[in-house]
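Student: no sequence on this one, just coordinates:
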């Protein structure tokens, strides 16, 4: 609906220019927004305000001209408001069409093809295999997992990937920690567990490697699949990638492109040619390849596997690494710039005090600990509610609240209420035949249908700007609208069968969209609570 309207306005502006009614100027992309207040209709635009100077007309005059030329059968009325806004009100027939579309498409409602032929590598978490996953890993993990779900829903081909840093200093540090020598770094009960298994397995590197493999297979992967419900399509080993020659291949390509030089006995990449603040070392004076060189090898691996877009989810402490990574991607041949999700720290708080729950990972709270305490759905929903670049305080007290004060239970209760209404309709043997949707004229009915209308547009917006936190916000707002409708509109009315049938159709449509919203977020949609 929104895109149709945007294209129509764009074409009208061009027609008016062609007729000489408006002077020639570059017609920009037209932006139609969801109206902030329901009294201003479903959609609005300030295009007349934006273009009045270029069009040499007053904003209201230009808005009236566009309104006069615009013929869109889906709208009941188009209103021009000072100082130059255009507000669009959907017709009752269009609102009914929304419900029919949802009930016809069911869980496919909201699917689109905007990402057709776009193969994306979504690399996230990628925590070093040196210990259990913690709250920061969980925050980025849940967020990026849901982003993949949205991208797939909108037609993109997405691979969830975990990059295993198993070839660097951290593996040696793990080995020292397991052997508990003077260079030990990591602590916690899990180190004692590793020491029992591998302390006698060989030298520091051997102990580190075996311990890292165990941490990955028996801790990290099990947490991902069994606790976090996150599936990775591939785990890429840094060690395997190096042994398979990808780093050497990347260095050879960069040299061939004349993008490297030698200085002070080291090999450098000209990252400043691609916007980095300084050039970066690929091979050190002693001949050792840097971690950045491994990144270049990993990028070549992604190119060879046919990815045309990359998403990287990193902790805030890696923010300074973005410039060189973007430069390397461009230097190696990526046409599109990598997209980054930077995840800020999480504090676990209860009644104003920071919470420590386990000694298993030393001073770090693990995601296993949190999920065991509050449950998967609560943990996931709470992390998804906040944009990743914002600092987050995880309210453990609210998370442990088993009532509608807890936002995830509030949304799940809304779904359970929908199921309860439909069960009761079945028990009372109320026909499930198509109702007369033109009867749905109550303001609360219209508000509810409006929310359903915006669901496909929400998914496309998230696919574009990666604002996954909009999904739990949408779920809460849809639940709000449902509860508000339910309090004012009697669904099962024995004295008005036609209205009952129409409202049952509305209930079914809301159930479809709310269940799909929860499914995309990876959260259960219970039928009873």
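Tutor: The structure has been received and is ready for your questions. Keep in mind that this is a model prediction, so the values were computed, not measured.
Student: how's this protein carved up into domains?
Tutor: 2-90, 124-238+344-396, 407-521 (automatic domain parsing).
Student: mean neighbour count for the ones you listed - can I get that in CSV?
Tutor: No exception for glycine: its C-beta is placed from N, CA and C like everyone else's. As requested, these are arranged in CSV below (neighbours: other CB atoms under 10 Å):
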stretch, mean neighbour count
domain 2-90, 16
domain 124-238+344-396, 19
domain 407-521, 18
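Student: residue 187: which element?
Tutor: Assigned by DSSP states H and E, residue 187 belongs to neither a helix nor a strand.
Student: that one reaches residue 178, doesn't it?
Tutor: No. The pair residue 187 / residue 178 is not scored as a contact, 10.9 Å apart, by CB atoms under 8 Å.
Student: so which residues of the stretch 351-500 of the chain form strands?
Tutor: Using DSSP state E, counting those that start in this stretch, the strands of the stretch 351-500 of the chain run over residues 353-354, 392-395.
Student: save those as CSV, and put in distance to residue 466 and mean pLDDT too.
Tutor: Listed next are those as CSV, based on distance: least, CB to CB, whole Å; pLDDT from 0 to 100:
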stretch, distance to residue 466, mean pLDDT
strand 353-354, 29, 89
strand 392-395, 17, 96
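Student: shaky segments in this protein?
Tutor: 357-363, 432 (pLDDT under 70).
Student: Throw the domains of the chain into a markdown table and include distance to residue 247, thanks.
Tutor: What follows is those, written out as a markdown table (distance: least, CB to CB, whole Å):
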| stretch | distance to residue 247 |
| --- | --- |
| domain 2-90 | 42 |
| domain 124-238+344-396 | 9 |
| domain 407-521 | 29 |
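Student: so which of those domains gets nearest residue 109?
Tutor: Between residue 109 and these, the shortest gap by CB to CB is with domain 407-521, which sits at 6.3 Å.
Student: for the stretch 1-150 of the chain, what spans make up the strands?
Tutor: Using DSSP E, counting those that start in this stretch, strands in the stretch 1-150 of the chain cover 33-34, 43-45, 75-81, 85-90, 119-123.
Student: which one of the domains of the chain lies closest to residue 257?
Tutor: domain 124-238+344-396 (23.8 Å).
Student: got the end-to-end distance for the closest one?
Tutor: 25 Å (CA to CA, to the nearest Å).
Student: what does stretch 428-448 give?
Tutor: 25 Å.
Student: what sits against residue 516?
Tutor: Counting by CB atoms under 8 Å, 6 or more residues apart in numbering, residue 516 touches 107, 109-110, 455.
Student: closest to residue 50 out of these?
Tutor: Taking the contacts of residue 516 together and measuring to residue 50 by CB to CB, the closest member is residue 455, at 27.6 Å.
Student: ok, that closest one to residue 153 distance?
Tutor: Here the criterion is CB to CB, to the nearest Å. By it, residue 455 lies 11 Å from residue 153.
Student: overlap in contacts, the two.
Tutor: Common contact partners of residue 455 and residue 153 (CB under 8 Å, 6+ apart): residue 110.
Student: the strand or helix carrying residue 208: what's the following helix or strand?
Tutor: Taking DSSP H and E as the criterion, residue 208 maps to helix 204-214. On the C-terminal side of helix 204-214, the closest following helix or strand by DSSP H and E is helix 221-222.
Student: identify the residues contacting that following helix?
Tutor: residue 235.
Student: swap in stretch 499-508?
Tutor: 99, 103, 418, 421-422, 425, 430-437, 439-440, 445, 448-449, 489, 491-494.
Student: one more: stretch 126-134?
Tutor: If you take CB under 8 Å, 6+ apart as the criterion, stretch 126-134 is touched by 125, 137, 141, 162-166, 170-171, 173-174, 177, 186, 188, 190, 212-213, 215-216, 219-220, 223-224, 228, 313, 360-361, 364-368.
Student: tell me which of the residues you listed fall in helices.
Tutor: 137, 141, 170-171, 173-174, 177, 190, 212-213, 367-368 (DSSP state H).
Student: export the residues you listed to JSON lines and tack on distance to residue 409?
Tutor: As requested, the ones in helices among the contacts of stretch 126-134 are exported to JSON lines (distance: CB to CB, whole Å):
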{"residue": "137", "distance to residue 409": "25"}
{"residue": "141", "distance to residue 409": "22"}
{"residue": "170", "distance to residue 409": "39"}
{"residue": "171", "distance to residue 409": "42"}
{"residue": "173", "distance to residue 409": "42"}
{"residue": "174", "distance to residue 409": "40"}
{"residue": "177", "distance to residue 409": "40"}
{"residue": "190", "distance to residue 409": "32"}
{"residue": "212", "distance to residue 409": "39"}
{"residue": "213", "distance to residue 409": "39"}
{"residue": "367", "distance to residue 409": "20"}
{"residue": "368", "distance to residue 409": "22"}
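Student: with respect to residue 515, which of the residues you listed is nearest?
Tutor: Out of the ones in helices among the contacts of stretch 126-134, the member with the shortest distance to residue 515 (by CB to CB) is residue 141, at 23.1 Å.
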